[in-house]
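Asks: please work out how this folds:
(one chain, ligands or ions: 1)
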Amino acid sequence: MSAHNDSARDEVEPVDLSDPKLTRFEVYKEGLRRDDIEIIHYEPRYPKPGTRLEKRMERIVGGLFLLSGLFATLFVVAFIWWPWEYEGAATWRDPQTWYTPVIGFTLGFSLLFFAVGVLTWAKKLLPIEELVQDRHDGGSSKEDRRIAESTVDTIVDDMGLRRRPFLVKTALLAAAPLGLAAVAPLGALLKDPGDMYTVTGWNAERYNDGDPIRLMMKDGALVRPDMVSAGGQITVYPAIDHGATNQFPTAPTLLIHLREADAATLRGNLYPMYQDVEALWGNFVAYSKICTHVGCPASLYEQQSQRLLCPCHQSQFNVVDNAAPVFGPATRHLPMLPITVDDEGFFVATSDFLVPPGPAFWNRPSLPEEDEK
Ligand code: FES
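Replies: Numbering: from 1, shown residues only. Just a heads-up that it's a prediction; the model follows:
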């Protein structure tokens, strides 16, 4: 206790706490006084307990808790069962369009109703009390602990926890689904993503009955070598159903037509795994467009320095060295898509990416060090 507190306490006659005639409120008040808390005003909100007004207020608070519990339950149900998976371009009539708003609003309303219920309980049912308090230092003596017990008991009585079982039950009814709503999202971590990170839209076995998949532009036009001049680049997608949509988010690829000298440099630097599959065709090379940092499109091609720049966090990849990262936060090269030209003169992918494109993920397959950069 500070000197300031001691002097303040000395000004008032101390109460003998061993006096059995002391009421609980007097002990509570004495406890406050010892901590230099002065009750300026104290008045029960409802001097006569059980009035119609008090009961009405209890019903309102209980109703708010029940609404909170209802919305928390709806959140859990929607989070688990509402359709959310992408199935092509969705309209406002499709339920997956509403997945995010539904879980946002249900959880939001649940928290809102619970908070309003607690506030209404405090504002409309607790006693009207005004206190002034100085800061308190030091440990707790036996007497202080007794005071604390009486204080807690007084607060419990003031809140009406004993004589308002309806409110306690409705609060618990709301809290149970709210607790469930807090842990339900963890369930999403249990889902096995399967091979969605390792198989892309370029996988011919999965998406084209084993026939090599052609390269197409956003508008569906198939790509021939004469469509990209030396030093140029275009974005290509697998020529399969929905190949240029978000259904295949890891498929977008940059097809670059290198100048003769740059292509020779790249051939000299090619990682063994790309040499084995003859990943280049002529002076053309195809790299995943998905940045290996956190997945932005790395598509700013700087011809002079032969660098690909990701605009999100400025990672740079060396086009003539397997798109290895040379600057910025990305730590892995952009995977190369092995390509060739078919009998009809169109570009085709000879296989899927040899390395999973995009950012790292749990259990990402590793490769020999000379290939995995
Ligand atoms: S996403 Fe490309 S640098 Fe961060």
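Asks: now residue 314: how far from residue 327?
Replies: 7 Å (Cβ to Cβ, to the nearest Å). To be clear about C-beta, it is placed using only N, CA and C from the backbone, and glycine gets the same treatment.
Asks: for residue 170, same thing?
Replies: 59 Å.
Asks: do the same with residue 165
Replies: For residue 165, the distance to residue 327 equals 66 Å [Cβ to Cβ].
Asks: kindly report the same for residue 42.
Replies: According to Cβ to Cβ, residue 42 and residue 327 sit 68 Å apart.
Asks: what of residue 163?
Replies: 69 Å.
Asks: returning to that earlier point: so residue 170 and residue 327 - more neighbours on which side?
Replies: Under the neighbour definition other Cβ atoms under 10 Å, residue 170 and residue 327 were set side by side, and residue 170 has more, 23 against 13.
Asks: is the more buried one in contact with residue 67, as I believe?
Replies: No. Here residue 170 does not reach residue 67: they are 9.7 Å apart, not a contact under Cβ atoms under 8 Å.
Asks: what's near enough to touch residue 195?
Replies: Listed by Cβ atoms under 8 Å, 6 or more residues apart in numbering, residue 195 has no contact partners.
Asks: so which helix or strand takes in it?
Replies: Assessed by DSSP states H and E, residue 195 sits outside every helix and strand.
Asks: what values do phi and psi take at it?
Replies: Phi and psi for residue 195, reported as degrees, to the nearest 10, are phi -110, psi 20.
Asks: so how far is residue 205 from it?
Replies: Counting by Cβ to Cβ - residue 195 and residue 205 are separated by 12 Å.
Asks: residue 341 too?
Replies: To residue 205, residue 341 is 21 Å away according to Cβ to Cβ.
Asks: so for these two, which sits in the more crowded spot?
Replies: In this view residue 341 and residue 205 are compared by other Cβ under 10 Å, and residue 341 has more residues nearby, 17 against 11.
Asks: tell me where the model's unsure across the protein.
Replies: For the chain, applying pLDDT under 70 flags the ranges 1-12, 86-89, 134-137, 366-373.
Asks: which parts of it sit against the ligand?
Replies: With Cβ under 6 Å from any ligand atom as the criterion, the chain meets the ligand at residues 291, 293-296, 298, 310, 312-313, 315, 328-330.
Asks: would you list the buried entries among those?
Replies: Neighbour-count burial within the residues of the chain next to the ligand applies to 291, 293, 296, 298, 310, 312, 315, 328, 330; the criterion is 16 or more other Cβ atoms under 10 Å.
Asks: among those residues, which are located in strands?
Replies: Among these, none falls in strands (DSSP state E).
Asks: report the two of the residues you listed separated the most.
Replies: 296 and 328 (11.1 Å; Cβ to Cβ).
Asks: tell me, what's touching those two both at once?
Replies: Residues touching both residue 296 and residue 328 (Cβ under 8 Å, 6+ apart): 310, 313.
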